[in-house]
Structures are given as structure tokens and as C-alpha cells.
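> fold the following for me, if possible:
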Amino acid sequence: MTAESNKASLDVLLFDVDGTLADTERDGHRLAFNRAFAEAGLDWDWSEELYGQLLQVTGGKERMHYYLERFNRCFEPPPDLAGFIAGLHQAKTRHYAQMLAEGAIPLRPGVKRLIAEARSAGLRLAIATTTTPLNVSALLDSTLGPESNDWFEVIAAGDLVAAKKPAPDIYLWAMQRMGVSAEQCLALEDSDNGLRAARDAQIKALLVTVNDYTRQQDFSGASLVLDQLGEPGQPAQVLAGPALAKGYVDLATLRQLHRQAQG
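Coordinates of the predicted model:
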């Protein structure tokens with residue numbers, strides 16, 4: 001038996017959501033936060049630049065706490081600050097879902113095609129994200145249809161684990177629920193926090209598609225870093241890693257990355 005035959009096959013694709021499936025941050029979540037703040041009578045306004053700094057923290061509620069601690073110390077917090085922030089986050093989620101329902105946030109190039117190809121080949125799909133389950137289902141409903149929620153064997157999202165990315169917990173939880181090892185998986189991410197989470201979960205096959213907020217981050221250890229997955233006639237730009245034979249990521253690309261990552 002050869003060393004090649006001993007390698008685990010690629011069986012599972014684990015997708016991050018925000019920034020990976022869709023470019024949701026700048027013109028999605030940020031605007032939804034601002035609408036929730038205005039609705040609550042707050043004068044908070046998160047600019048594009050400020051939001052880029054806030055993205056250092058994963059999780060919407062955690063991001064608001066960070067904002068008050070770092071950028072708005074003059075705010076007089078109510079007695080139940082945690083409850084107050086939770087209410088703001090619920091309002092933000094409602095605004096975000098409405099934006100998705102209106103078709104304001106499409107999938108990134110290549111995402112729908114790659115998911116369809118993976119499903120056709122029998123790969124198992126899962127989601128590992130810090131965003132809420134409602135945000136995940138709203139995005140899937142608006143872009144792929146309500147039935148697409150069932151395409152993902154596990155949707156690991158929100159507060160299922162105590163420690164959010166860059167901690168590996170959400171990836172470990174998803175793999176445990178699926179009964180798979182890290183060697184069977186490839187993770188698709190968009191940020192250094194996500195890359196660290198997947199890497200610390202011992203996933204070696206790591207593909208990153210950057211966005212405006214994450215382009216300058218450190219993606220050391222990624223198998224491949226791109227500006228997008230690409231489409232026929234709309235090639236992806238390779239920022240780090242091997243060239244794309246077709247100019248876009250397909251299932252053959254993922255299998256090659258997975259083989260190489262296994263050593």
C-alpha cells in the first residue's frame with residue numbers, strides 16, 4: 001500500500017459565512033447595526049473605517065461590548081447592559097434579515113457553483129460560523145432557496161460554543177457532530193480569525209477568499225488565498241498558493257489542495 005493510498009479523502013467542506021459565502025460585512029451587518037442603533041434612539045454610527053476595527057472581535061454582541069469599552073466610554077450603560085445589548089442584537093438581526101429578503105446581499109462569485117458541484121459529487125457540507133443561526137438561514141433562504149438549509153448536514157453557528165473564533169471550538173463542535181476527523185475536511189474562510197480557528201482545529205486544507213476588510217491580514221498557513229472563488233470568464237486572483245488551472249476554484253482544485261495539505 002502506498003503512502004498516497006493511506007491519505008484521508010476529502011469528504012467534508014466546512015464553510016464560514018460572513019465574508020466567505022457573501023460579502024456581508026460592510027453593506028450588510030454594518031448597516032443593520034446602524035439601523036438598530038437609530039431605532040433605539042442611540043447616536044452610535046459605525047463608519048466603514050470603524051467597523052473594520054470592530055471586526056477584530058467576532059460575534060455581534062461581543063462587538064458591541066468592545067465598541068463601548070474601546071470607542072464610546074462616555075456612554076452611560078443601563079443596569080442590565082448584557083440584556084440591553086442582546087435586545088439591540090435582536091433588532092440588528094431583524095434589519096439584516098429584511099435586507100437579505102430584499103435581495104441586497106448576493107453570494108460571492110463561485111460560491112453557488114462550487115456548492116452545486118460538491119453536492120453532485122456527494123461531499124458532505126457544513127457551516128462553522130460565529131454569526132447567529134437566524135442570519136445563516138436568512139442568507140441561505142434569500143440566495144439559494146429555503147431548501148438549501150438542508151444541504152448542510154450541520155450548521156454550527158452563534159452561541160453553541162462559549163469561545164468564538166479565533167478559538168477552534170466551533171470547528172471542533174461541527175466535526176464532532178458529523179463524526180469526522182480534521183483530515184477529512186477542507187475549510188473555506190475569509191479572515192485571519194477564521195483561519196486560526198480552523199488551523200487550531202487541526203484542519204490543514206485551508207482556502208481563504210479575502211474581502212476589503214481582510215485583504216491585508218496574515219494568512220500564513222493557508223493552502224490557497226484568493227480574492228474570490230472565480231467563475232468561467234471571471235477568473236480569481238491568486239494572492240498566495242498555487243496557480244489555478246482553470247482560473248477558478250472547482251472541486252478538482254479542492255481535492256488537489258487537500259492532498260497537498262495532508263503531506
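
> which ones are touching the closest residue to residue 35 other than its chain neighbours?
What sits nearest to residue 35 in space, not counting adjacent residues and going by CB to CB, 6 or more residues apart in numbering, is residue 95, at 4.4 Å. No exception for glycine: its C-beta is placed from N, CA and C like everyone else's. The contact partners of residue 95, taken as CB atoms under 8 Å, 6 or more residues apart in numbering, are 31-32, 35-36, 39.

> show me which residues of the lengthiest helix in the chain are buried.
What stands out as the longest helix in the chain, according to DSSP state H, is helix 81-101. For helix 81-101, the neighbour count (16 or more other CB atoms under 10 Å) marks 85, 88-89, 91-93, 95-97, 99-100 as buried.

> adding pLDDT and distance to residue 247, write those out as CSV.
Listed next are those as CSV, based on pLDDT from 0 to 100; distance: CB to CB, whole Å:
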residue, pLDDT, distance to residue 247
85, 98, 44
88, 98, 43
89, 96, 40
91, 97, 42
92, 96, 38
93, 92, 37
95, 96, 37
96, 94, 33
97, 91, 35
99, 94, 31
100, 93, 30
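
> could I get the residues you listed as a markdown table with distance to residue 226?
Listed next are the buried residues of helix 81-101 as a markdown table, based on distance: CB to CB, whole Å:
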| residue | distance to residue 226 |
| --- | --- |
| 85 | 35 |
| 88 | 35 |
| 89 | 31 |
| 91 | 35 |
| 92 | 30 |
| 93 | 30 |
| 95 | 30 |
| 96 | 26 |
| 97 | 29 |
| 99 | 26 |
| 100 | 24 |
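
> within the helices and strands, which one has residue 115?
helix 111-120 (DSSP states H and E).

> what about that helix, average pLDDT?
Averaged across helix 111-120, pLDDT comes to 98.

> contacts for that helix, please.
13, 20-22, 125, 143-144, 151, 229, 231, 249-251, 254.

> what's the PyMOL syntax to select whichever of the contacts of residue 95 are buried?
Selecting the buried subset of those in PyMOL, with 16+ other CB under 10 Å as the burial test, is done by:
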select buried, resi 31+32+35+36
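
> residue 206: which of the contacts of residue 95 is nearest?
Taking CB to CB as the measure, residue 206 lies nearest residue 32 of the contacts of residue 95, at 28.8 Å.

> elements contacting whichever strand or helix holds the closest one?
According to DSSP H and E, residue 32 maps onto helix 30-39. The contact analysis (3 or more CB pairs under 8 Å, 6 or more residues apart in numbering; DSSP states H and E) places helix 30-39 against helix 81-101.

> restricting to C-alpha, output the helix or strand where residue 193 lies in CSV.
For residue 193, the element it lies in under DSSP H and E is helix 192-200. Provided in CSV are the C-alpha atoms of helix 192-200 (Å, rounded to 0.1, in the frame of the first residue of the first chain):
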residue,chain,number,x,y,z
ASP,A,192,-7.3,35.6,9.9
ASN,A,193,-9.5,34.8,12.9
GLY,A,194,-11.3,32.1,10.9
LEU,A,195,-8.0,30.7,9.5
ARG,A,196,-6.6,30.4,13.0
ALA,A,197,-9.8,28.7,14.3
ALA,A,198,-9.7,26.1,11.5
ARG,A,199,-5.9,25.6,11.8
ASP,A,200,-6.1,25.2,15.6
